[in-house]
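In: Would you be able to build a 3D model of this:
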Amino acid sequence: MATSDSTEETAVTNGTMEIDAETPRQGITIRELGPQETGLAFKAMIALGRRIRTKSHMVDQINQIQRQEGYRLVASFEAGDTDAASIVGFRVLHNMAWGRFMYLDDVATREEYRGRGHGGALLDWCIAFARRQGCAEIHIDSAMHRADAHRLYVNKRFNIASHHFGQRLED
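Out: Now for the predicted structure:
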């Protein structure tokens, strides 16, 4: 089982956690979202179509449970829109197979912002952040039907390294 490590350096300014990273594409702002900003990720997160019922449900799930397990959110924004165009939820973990690594739990871009560089800019941010954190690898699972996302991951030099198996335990 992987374990979390939260030794990263973070500056808090006006309640927003900002972490230096490579300069994003023009017109795109990238920043880590603190607990008070989690709701800004909602419009992008619902693109995943998972168990998100409402904005308050998502905020509670992330802030009360996932953040306690080391989960963090980084988002991209365009001027004039206060909601995130694209998000990545991630953890920095350790396990025997990969050592110290970054796992991307949630990667999503709002449909109206796809093809504008948000996903690529966030992945570049994640790669730079993982390197600064001493991670040896970055991992992500992606649903079989997300061909556009797969193209982006391959273009960012991610390899298809394994099959992921799961068994749903609830009815």
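
In: Where does the residue most central in space within the chain sit: helix, strand or coil?
Out: With distances taken as CA atoms, centre = their mean, residue 88 lies nearest the centre of the chain, 1.6 Å away. Secondary structure assignment for residue 88 (DSSP: H, G, I helix; E, B strand; the rest coil): strand.

In: ranges for the helices of this structure?
Out: Counting by DSSP state H, the chain has helices at residues 42-45, 55-60, 118-132, 147-155.

In: Quick one: closest of those to residue 82.
Out: With distances scored as CB to CB, the stretch of the helices of the chain nearest to residue 82 is helix 42-45 (10.1 Å). Just so you know, the C-beta spots here come from the backbone N, C-alpha and C atoms, and that holds for glycine as well.

In: I'd like the distance from the closest one to the chain centre, please.
Out: How far helix 42-45 lies from its chain's middle: 12 Å, per CA atoms, centre = their mean, to the nearest Å.

In: doesn't residue 109 make contact with the residue nearest to the centre of the chain?
Out: No - between residue 88 and residue 109 there is no contact under CB atoms under 8 Å: 9.8 Å.

In: In the chain, where is pLDDT below threshold?
Out: Applying pLDDT under 70 to the chain picks out residues 1-25, 171.

In: could you pull out the strands for it?
Out: Under the criterion DSSP state E, strands of the chain are mapped to 3-4, 11-13, 16-18, 28-33, 72-78, 86-95, 99-109, 137-140.

In: need the ones you listed in JSON lines with distance to residue 156, can you?
Out: Formatted as JSON lines, the strands of the chain follow (distance: least, CB to CB, whole Å):
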{"stretch": "strand 3-4", "distance to residue 156": "24"}
{"stretch": "strand 11-13", "distance to residue 156": "26"}
{"stretch": "strand 16-18", "distance to residue 156": "23"}
{"stretch": "strand 28-33", "distance to residue 156": "15"}
{"stretch": "strand 72-78", "distance to residue 156": "15"}
{"stretch": "strand 86-95", "distance to residue 156": "12"}
{"stretch": "strand 99-109", "distance to residue 156": "11"}
{"stretch": "strand 137-140", "distance to residue 156": "9"}
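
In: Tell me which of these sits nearest to residue 125.
Out: strand 28-33 (5.2 Å).

In: Sheet partners, orientation included, of that closest one?
Out: Strand pairing for strand 28-33, determined by DSSP bridges: strand 72-78 (antiparallel).

In: List of residues touching the partner strand?
Out: By CB atoms under 8 Å, 6 or more residues apart in numbering, the residues outside strand 72-78 that reach it are 19, 24, 27-33, 38, 40-41, 44, 62, 83-91, 113, 116, 118, 121-122, 125-126, 129.
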